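Novice: sequence unknown, structure follows:
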């Protein structure tokens, strides 16, 4: 199967759906905690040039061990703000997100609002913006949406989610929406479940997308960062999965 971006990838099962198990109370969630061991400083050069405010958006992946696994600046008004945000985040410590008593990997968007009298940092716990097609005015650099590219990025390597046979016997079906970035080299970054009907299905969908590789996306002939989304539907219809 070669799913297209923004289209539905169908993973077909050959068994009927059994009766759902009784609903259970979800375990409590403790969000990622940022320990700001270093403070972001307003770039002196921009102040001298009369730039009195600005903003950056940084996406971070923090492991279940509290380690910073990846960092990506996805928008900025001035490059100097982006450099300062990236530099300070690399110095921070993190307490991982917990579901119940279990620490988990998490992807969080950090927004840095720079003002001459200080810097404020805001965390977005839901991963990416709900409408990833929307781009904001005022940013000198930001991730493109698919509609603004020269063409839909060409897949070079696409992995199909691995669906264990025993899940069919349990009637595990549903829909998963995976958010991710494709960087200027065509590498998939920060794949995460935006919504899902089942955590197991979300896990195999995200794991598959993490392995995808594309030709570098371009806009006006230049490589760009792009924000994309893929929908998978795991259902009981009889059809080929390849």
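Specialist: Right, received. Where do you want to start? The structure presented is a predicted model; accordingly, all values stated were derived computationally and were not measured.
Novice: and the gap between the residue with the largest distance to the centre of the chain and residue 114?
Specialist: Distance from the centre of the chain peaks at residue 48, with 35.6 Å (CA atoms, centre = their mean). According to CB to CB, to the nearest Å, residue 48 and residue 114 sit 14 Å apart. All C-beta spots, glycine's among them, are computed from the backbone N, C-alpha and C.
Novice: which intervals of the chain have sub-threshold pLDDT?
Specialist: 1-24, 125-137, 236-242 (pLDDT under 70).
Novice: hey, where'd the helices end up in it?
Specialist: Secondary structure of the chain (DSSP state H): helices at 44-48, 79-89, 165-169, 199-209.
Novice: These: which one's closest to residue 102?
Specialist: helix 199-209 (12.1 Å; CB to CB).
Novice: Packing partners of that closest one?
Specialist: Contacts defined by 3 or more CB pairs under 8 Å, 6 or more residues apart in numbering; DSSP states H and E place helix 199-209 against strand 174-182, strand 188-196, strand 226-235.
Novice: wait, residue 110 sits on residue 120?
Specialist: No - in this structure residue 110 lies outside contact range of residue 120 using CB atoms under 8 Å: 10.9 Å.
Novice: The two - which one has more neighbours?
Specialist: Each of residue 110 and residue 120 has its neighbours counted (other CB atoms under 10 Å); residue 110 has more, 19 against 11.
Novice: which residues touch the more buried one?
Specialist: Residue 110 is in contact with 34, 57-60, 85, 89, 121-124, counting by CB atoms under 8 Å, 6 or more residues apart in numbering.
Novice: Against residue 172, how distant is residue 166?
Specialist: On the measure of CB to CB, residue 166 and residue 172 end up 9 Å apart.
Novice: Who has more neighbours out of the two?
Specialist: residue 172 (19 against 8).
Novice: Assess the claim that the more buried one and residue 235 are in contact.
Specialist: No - between residue 172 and residue 235 there is no contact under CB under 8 Å: 10.8 Å.
Novice: sorry, back to before: of all the contacts of residue 110, which comes closest to residue 138?
Specialist: Nearest to residue 138 among the contacts of residue 110, with distances taken as CB to CB, is residue 57, at 11.7 Å.
Novice: these two touch, right, the closest one and residue 75?
Specialist: Yes - Residue 57 is within contact range of residue 75, at 4.1 Å (criterion: CB under 8 Å).
Novice: Quick check: neighbours shared by the two?
Specialist: The contact lists of residue 57 and residue 75 share residue 142, where a contact means CB under 8 Å, 6+ apart.
Novice: what is residue 29 paired to in the beta sheet?
Specialist: residue 99 (DSSP bridges).
Novice: Check the spacing between residue 233 and residue 198 real quick.
Specialist: Residue 233 is 12 Å from residue 198, by CB to CB.
Novice: shared neighbours of those two, which are they?
Specialist: The contact sets of residue 233 and residue 198 overlap at 174, 176 (CB under 8 Å, 6+ apart).
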